[in-house]
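Chemist: I'd like to go over a predicted model; first the sequence, then the structure.
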There are 2 protein chains.
Amino acid sequence: MAITIKDIATALKISPSTVSRALNDHPNISEETKKVVAEKAKEMKYQTNFIAAGLRTKKSNSIGILVPHITSSFFASAIDGIQKIVTDQGYFTIICQSNEIYHNEVDQIKSLLSCKVEGVILSISSETNDYEHLETLEAYDTPFVLFDRVAPGFDMPTVEANDFTGGFQAVEHLIKRGRKRIAHLGGPGLLGISKRRYEGYLEALKTYAYEVNEDFVVFTNPDETHEDIIEDMFKDPKNSPDALFTFSDELAVEAILKLKKMGLNVPRDVSVVGFGNSNLCEIVEPHLTSVTHEPIEMGEAAAELLFKVIQKRHIPPHLRNRKFDSRVIIRDSSR
Amino acid sequence: MAITIKDIATALKISPSTVSRALNDHPNISEETKKVVAEKAKEMKYQTNFIAAGLRTKKSNSIGILVPHITSSFFASAIDGIQKIVTDQGYFTIICQSNEIYHNEVDQIKSLLSCKVEGVILSISSETNDYEHLETLEAYDTPFVLFDRVAPGFDMPTVEANDFTGGFQAVEHLIKRGRKRIAHLGGPGLLGISKRRYEGYLEALKTYAYEVNEDFVVFTNPDETHEDIIEDMFKDPKNSPDALFTFSDELAVEAILKLKKMGLNVPRDVSVVGFGNSNLCEIVEPHLTSVTHEPIEMGEAAAELLFKVIQKRHIPPHLRNRKFDSRVIIRDSSR
DNA sequence: CTGAAAGCGCTTACAG
DNA sequence: CTGAAAGCGCTTACAG
C-alpha cells in the first residue's frame, strides 16, 4: 500500500491536519514541525496523492490537449511548446487525438470533462462542422483555447496563424519571381485554415491583376495520396501551371516528387512553395521554400492564454485572439 | 457547479447509492430504475467524476507514458499505437517527456506516481545510467513496461526491437552489394540500442571476415548536427569508407546531404543504410535504404503487455520480453 | 430491489 | 501553533 498522510501522522504521533499543513508549507506551522514532517515523509517515501487532493480542492492540476493527430510534426511540436508552460505551472497534460474524426472529438471532450481537467486546448478535426461540443465545454465552465484550427464565428479565445497573409505572401513571392500560372493545392475544404490560405492566394492574384483559373485550384483530403491530382494538373505541358502553392509541406513534398517523376524540373518548369517550414524543407530536393508556421511559440501562447482564462485574469482583446504572422523562407524550390 | 450523483438522487427522490448502481449497470437494480436514472442523467448532462470514482475504487483508469521526446516520429507513432489499445480499455494516458535529461525522467516518474497511474510505459533517456527510479516504481507496486530503450540487466517486462540482428542485416546487405569499407555512425553511447546495433555491425564484419577499422566507427549525441564527423570520416578519398550504416534515418539523411555537398555520389561512391524506415526514406534523394522499426506495432505490444501485468494475468516468458525482428527495405541509397 | 453508512486520501474552516 | 471534524463525489459491504 502507498504511504498516506495518516501513516506519517501516526508515525510522528501528531494529527493528519498538521502533517498536511506542514507538507504544504502553511504559515501557522512551526519550522520545527515542518522539518520533522519533511524528513519523515522522505524517509517513508511519501508521494502526495494528487487525485485525492484534487477532489478536495476541486483543482485537478491537469489540462487536456485534443489534436487531430500527434504524429503530425506541427502538432507534436505544438504539444512540446504547450507542455513547457504547463509543466512550469505544476500542471500535467492529458493528450487525446481525434484522428480527424468528429465523433472521436466529441467523445474525447467528454472524457476530458470526466477527468475534470481545468482547461482544454483544442484543434478541431477536418470533419468538424458542428460545434455543440464547444458549447458543452462552456456549459461545464471548462475554459478552453482553440488552437490553429479554430471554429468559425464564435467568440472564443484563439491562437492561430495568420493564414490569409501567409497565403498572400507565398503567392506574392511566386509572382515576383515572374511566375504567371500559379496553382493551389489546398487543404481539407471544411477547415478555416484551408479557406484562408486559399483566400490569401486569391487576394494576391487579384492584387497583381492575375486571372483566376479554376482548374488550378484543388482541395485535398488528409490521409490520402494526391499523385493523380498532381498528374492531372500538370499533364498538359502547354497549359499547365508554372508554380504551385500548397496547403502544407507534406503536400509540397508529394508534389515535388511526383513532378520530378513526370520529368518536370523544379523550380525551372514549376516553382513550389509549401506551408509549415518543417524539417522536410531541407531534406527534399530541391530544398523547399515554405511559409513559417511556428508550432512551439503558438503552443506556448495557447498554454499561457489558457492559464489566464483559468485564473480569470483580465485578457486584453489583442491577446484573446492571437494571430501569428508568417514569412516566406526562400529555398531552391522557387529560386 | 457540475452535476453529481446526489443531484440526480434528489431530483428523482431516490438514494445516491441506487443512482450509482443504476449508472454502473449493477445486476440488482430494476430495469425500470435504470431507465429512469439514465434519462435523468442525460437530461441533467451528468458526467461521472472519474477522479472521485478513482479515489474510491483505487483505480485511476490512467496509464503514464514517458518518452525522450514526443516530436520524434518513432515515439509519436509509438504513442499512437499505445493509445489505440489504451483507449479501447477505457483508460486515458498521461504523456511526459524527459527531453533526454535524466533528472526530468526521475521527476516525471514521481509525478506519474502522484497521479496514481496504474502503469507506466517508459523509454529511457540517452543520459540514463542509474536505474533507481525503476526501483521506485517497483516499490510503489506500479507496473511498467520498458519500451524500445530498455534498461540493461534488469528482469523487467520489455518490448524492444531486435537491434542486433537489425544492425547485422544492414551491414550484411552492404557486404553482399560488394562494399568493402563499411563505416558506422552510431547513436548515443550509453544506450543499449546503440550498443546492440553496433554489435550487429561488428558481427556482420566478423562473419564475412572483414577487418574492423576503428576510425570508421563514431558514436553521436542527440540534438547535435554531425557535419564535422561526416566530413572527417570522408575527407580522404583514398581511405574513406564506401558504405555507411547509421543509427537512425535522421543521421542517414544528414549524411546523405553532407556527402552530396562534398561532391560524393550516393550510392556510387558511398552506399548509405539508415535505421527506422521512417517517412524520410522516400523524401530524401536518393531514397534511403533502411532497417524497419515498427513503432505502432511495438506501441500496441507494449500497451497489451502492460495491461496483462496490471491485471496480473499469466505472461508466458516469450511475451514478457518481446523482440520485434527487423528487415532491410532496399531503396536507391544502396543499389 | 433499495437505502444508510462508511471510507478512499486529502484540505480547511472552526475551535482551542 | 495544533487537532477534531466535515466534506470533495464517488462505491460498496451491510442490512432490510
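Modeler: Noted; the coordinates are in hand.
Chemist: could you pull out the helices for the stretch 151-300 of chain A?
Modeler: A:163-176, A:192-207, A:227-234, A:249-261, A:295-310 (DSSP state H, counting those that start in this stretch).
Chemist: Tell me the helices and strands packed up against the second one.
Modeler: Same thing as helix A:192-207. helix A:163-176, strand A:182-186, strand A:217-219 (3 or more Cβ pairs under 8 Å, 6 or more residues apart in numbering or on different chains; DSSP states H and E). For glycine as for every other residue, the C-beta is placed from the backbone atoms N, C-alpha and C.
Chemist: So for that helix, mean pLDDT?
Modeler: Across helix A:192-207, pLDDT averages out at 97.
Chemist: now it and strand A:182-186, what's the angle there?
Modeler: Here helix A:192-207 runs at an angle of 170 degrees relative to strand A:182-186 (axes from the mean of the first three to the mean of the last three Cα atoms, to 10 degrees).
Chemist: Need the contact partners of helix A:192-207.
Modeler: A:148-152, A:160-161, A:163-172, A:175, A:182, A:184, A:186-189, A:210-212, A:217, A:219, A:245, A:247, A:275 (Cβ atoms under 8 Å, 6 or more residues apart in numbering or on different chains).
Chemist: Could you identify the buried members of these?
Modeler: Among the contacts of helix A:192-207, those classed as buried by neighbour count (16 or more other Cβ atoms under 10 Å in any protein chain shown) are A:148-151, A:160-161, A:163-172, A:175, A:182, A:184, A:186-188, A:210, A:217, A:219, A:245, A:247, A:275.
Chemist: re the thing from before, nearest to B:Glu231, of the helices and strands packed on helix A:192-207?
Modeler: B:Glu231 lies closest, by Cβ to Cβ, to one member of those: helix A:163-176, at 33.2 Å.
Chemist: For chain A, which residues score under the pLDDT cut-off?
Modeler: Counting by pLDDT under 70, the ranges of chain A that qualify are A:1.
Chemist: returning to what we had before: from the buried ones among the contacts of helix A:192-207, which are also near DNA strand D?
Modeler: Restricting the buried ones among the contacts of helix A:192-207 to those touching DNA strand D (Cβ under 7 Å from any atom of the strand) yields no residues.
Chemist: got the residues of the stretch 1-150 of chain A near DNA strand C?
Modeler: Looking at DNA strand C, the residues of the stretch 1-150 of chain A close enough under Cβ under 7 Å from any atom of the strand are A:1-2, A:4-6, A:16-17, A:20-21, A:23-24, A:46, A:48-49, A:52-53, A:55-57.
Chemist: ok so, going back, nearest to B:Lys84, of the helices of the stretch 151-300 of chain A?
Modeler: Each of the helices of the stretch 151-300 of chain A was scored for nearness to B:Lys84 using Cβ to Cβ, and the closest is helix A:249-261 (22.2 Å).
Chemist: Identify each buried residue in the closest one, please.
Modeler: A:Asp249, A:Glu250, A:Leu251, A:Ala252, A:Val253, A:Glu254, A:Ala255, A:Ile256, A:Leu257, A:Lys258, A:Leu259, A:Lys260.
Chemist: Could you pull up the residues touching whatever residue of the stretch 201-335 of chain A ends up closest to DNA strand D?
Modeler: Nearest to DNA strand D, among the residues of the stretch 201-335 of chain A, is A:Ile310, at 17.8 Å (Cβ to the nearest atom of the strand). Taking Cβ under 8 Å, 6+ apart as the contact definition, A:Ile310 lies against A:Ile63, A:Glu118, A:Gly119, A:Pro143.
Chemist: cool, A:Lys40 as well?
Modeler: For A:Lys40, the contacting residues are A:Ile8, A:Ala11, A:Leu12, A:Tyr46, by Cβ under 8 Å, 6+ apart.
Chemist: name the element it belongs to?
Modeler: Per DSSP states H and E, A:Lys40 falls inside helix A:31-43.
Chemist: tell me the angle the helix or strand following that helix makes with helix B:50-57.
Modeler: Using DSSP H and E, the helix or strand that follows helix A:31-43 towards the C-terminus is helix A:50-57. Per the same axes, to 10 degrees, the angle that helix A:50-57 makes with helix B:50-57 is 120 degrees.
Chemist: Turn the helices of the stretch 151-300 of chain A into CSV, including distance to B:Tyr198.
Modeler: Shown next, in CSV, are the helices of the stretch 151-300 of chain A (distance: least, Cβ to Cβ, whole Å):
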stretch, distance to B:Tyr198
helix A:163-176, 44
helix A:192-207, 44
helix A:227-234, 39
helix A:249-261, 32
helix A:295-310, 33
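Chemist: Please identify which of those helices is closest to DNA strand C.
Modeler: helix A:295-310 (16.3 Å).
Chemist: C-alpha coordinates for that closest one, CSV please?
Modeler: Once non-C-alpha atoms are left out, helix A:295-310 reads as follows in CSV (Å, rounded to 0.1, in the frame of the first residue of the first chain):
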residue,chain,number,x,y,z
PRO,A,295,4.3,25.4,-33.6
ILE,A,296,6.3,25.8,-30.4
GLU,A,297,5.6,29.5,-30.0
MET,A,298,2.0,29.0,-30.8
GLY,A,299,1.7,26.2,-28.3
GLU,A,300,3.3,28.3,-25.6
ALA,A,301,1.0,31.2,-26.4
ALA,A,302,-2.0,28.9,-26.2
ALA,A,303,-1.0,27.5,-22.9
GLU,A,304,-0.3,31.0,-21.5
LEU,A,305,-3.7,32.2,-22.7
LEU,A,306,-5.4,29.2,-21.2
PHE,A,307,-3.9,29.8,-17.8
LYS,A,308,-5.0,33.4,-18.0
VAL,A,309,-8.6,32.2,-18.7
ILE,A,310,-8.4,29.6,-15.9
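Chemist: what sits up against the helix or strand following it?
Modeler: Moving toward the C-terminus from helix A:295-310, the next helix or strand (DSSP H and E) is helix A:317-320. Helix A:317-320 is contacted by residues A:Pro157, A:Thr158, A:Leu305, A:Lys308 when judged by Cβ under 8 Å, 6+ apart.
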